[in-house]
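*Asks:* following is a predicted model, sequence given first.
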Amino acid sequence: MENLNEVEILIVEDNVDDAEMALRALKQNKLANKVKVVGDGEEALNFIFAKGKYQARRREAKPRIILLDLKLPKVDGLEVLREIKSNEDTKVIPVIILTSSREETDMIDSYRLGVNSYIVKPVDFEKFVEAIRELGLYWLLLNQQP
């Protein structure tokens, strides 16, 4: 049984193939010990704020980083980002947008809402693995968090 209070990386991704690629990349770089994948924005917010099926999870046990897609069902990624960054308890969680969107408005809106990094998903698997490796190394090992 997974311990939902020890999640280091929360992946919010509705595309099963992209989520699986991210997991494989994290495992390949030995960064996938405590990862939770959710498939839509509503589930992400429920997980982060310990609501719905995650209400038994300790809310103060926050993920160390969130990899967030923008184009999500139910609640889109920008709204998820807005909720995270407008809450005193969660705004310090690093959120990395990992999306296929190259639209300048998405990027500008993300930074205005407080995203920590905006990355366009590489199409090539090897480049994707490298991007995930660098993300993991920086945000989990080098970056100092309060």
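*Replies:* Perfect, I can see it now. The structure presented is a predicted model; accordingly, all values stated were derived computationally and were not measured. Numbering: from 1, shown residues only.
*Asks:* hey, let's count contacts and neighbours off CA atoms from now on
*Replies:* Noted.
*Asks:* residues in contact with the spatially most central residue of the chain?
*Replies:* The centroid of the chain falls nearest to residue 67 when counting by C-alpha atoms, centre = their mean (2.0 Å). By C-alpha atoms under 8 Å, 6 or more residues apart in numbering, the contact set of residue 67 is 9-12, 95-98.
*Asks:* my read: residue 12 touches residue 65, true?
*Replies:* No - using C-alpha atoms under 8 Å, residue 12 is not in contact with residue 65, being 11.0 Å away.
*Asks:* which of those two has more neighbours?
*Replies:* residue 12 (27 against 22; other C-alpha atoms under 10 Å).
*Asks:* how close does the more buried one get to residue 37?
*Replies:* Here the criterion is C-alpha to C-alpha, to the nearest Å. By it, residue 12 lies 6 Å from residue 37.
*Asks:* what's the overlap in contacts for those two?
*Replies:* With C-alpha under 8 Å, 6+ apart, residue 12 and residue 37 have no common neighbours.
*Asks:* for residue 89, list the residues it contacts.
*Replies:* Residue 89 is in contact with residue 60, counting by C-alpha under 8 Å, 6+ apart.
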